[in-house]
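please find the sequence and the predicted model below.
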Amino acid sequence: MGNVFVLDHPLIQHKLTYIRDKNTGTKEFRELVDEVAMLMAFEITRNLPLQDETIETPIKESETKVLAGKKIGLIPILRAGLGMVDGMLKLIPAAKVGHVGLYRDPETLKPVEYYIKLPSDISERKLIVIDPMLATGGSANDAIQSLKNRGAKDIRLMCLVAAPEGVEVIKEAHPDVDIYLAALDEKLDEKGYIVPGLGDAGDRLFGTK
Ligand code: URA
């Protein structure tokens with residue numbers, strides 16, 4: 001079963017408080033999300049495998065470590081996921097970035113994929129799907145399934161804030177996917193917003209309404 005990790009580093013929790021605050025404006029919101037994404041990237045990559053490398057320091061030959069194995073792919077779900085990409089790229093600058101665009105059909109309420117563009121070698125990469133708000137879990141569920149249908153084998157999901165309902169959907173549908181959160185909130189409200197949440201992440205990132 002996939003694990004759920006709440007990344008409760010004090011810096012993440014501190015910055016998340018100001019991200020949640022309704023009085024935080026677009027510029028500051030964007031900067032804080034960027035910083036939290038970077039801190040989360042640090043935690044999410046904690047268990048990446050290492051391999052030995054021999055180098056010469058100015059003093060002597062030395063056995064050291066470098067990252068081994070699979071490379072990383074970041075897959076933001078449009079549009080709010082874009083807000084976390086740059087922060088992650090600061091720590092993982094060689095990562096490739098794929099994009100998945102989904103919207104919710106107003107009649108069926110089901111996510112519809114309107115855009116997908118991925119690195120060609122996703123089956124060989126460790127993929128991090130970025131969905132800042134895991135609400136019903138519908139979009140993340142669909143995006144993960146879409147990646148698996150195209151050959152992805154190693155996927156983790158990264159969210160700023162999640163509702164328990166969304167976490168359950170992903171755990172049920174994708175037990176192989178570990179979920180990394182900055183916070184697990186109380187519930188969804190009747191309009192599908194996370195409570196207490198932070199409002200609409202896309203609107204707050206891009207200054208739209
Ligand atoms: N998407 C958001 O941006 N916010 C929520 O609370 C739920 C879904």
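Right, received. Where do you want to start?

just the residues contacting the helix-or-strand element of the chain with minimal mean pLDDT, thanks.
Using mean pLDDT, DSSP states H and E, the weakest-scoring helix or strand in the chain turns out to be strand 99-104, at a mean of 90. Residues outside strand 99-104 that contact it (Cβ atoms under 8 Å, 6 or more residues apart in numbering): 75-79, 110-118, 129, 138-139, 142-143, 146-147. Where you see a C-beta, it was placed from the backbone N, CA and C, and this is true even at glycine.

can you check stretch 21-40 too?
Residues contacting stretch 21-40 (Cβ under 8 Å, 6+ apart): 7, 9, 11-12, 15-16, 18-19, 83-88, 90-91, 130, 132, 158, 160, 180, 182, 199, 201, 204-207.

repeat for stretch 176-195
2-7, 12-13, 16, 36, 40, 43-44, 133-136, 144, 155-167, 170-171, 196-197, 199-200.

which parts of that stretch are buried?
Val177, Asp178, Ile179, Tyr180, Leu181, Ala182, Ala183, Leu184, Asp185, Leu188, Tyr193, Ile194 (16 or more other Cβ atoms under 10 Å).

now swap in stretch 192-209 and tell me
Tyr193, Ile194, Gly197, Leu198, Ala201, Gly202, Arg204, Leu205, Phe206.

for Asp121, what are its contacts?
Residues in contact with Asp121 (Cβ under 8 Å, 6+ apart): none are found.

distance of it from Lys71?
The gap separating Asp121 from Lys71 is 8 Å, by Cβ to Cβ, to the nearest Å.

hmm, stretch 151-161 touching the ligand?
No: against the ligand, stretch 151-161 shows no contacts by Cβ under 6 Å from any ligand atom, the least distance being 7.3 Å.

buried ones in that stretch?
Within stretch 151-161, the residues that count as buried by 16+ other Cβ under 10 Å are Ala152, Asp154, Ile155, Arg156, Leu157, Met158, Cys159, Leu160, Val161.

same thing with stretch 160-169?
Buried positions in stretch 160-169, judged by neighbour count with 16+ other Cβ under 10 Å: Leu160, Val161, Ala162, Ala163, Gly166, Val167, Val169.
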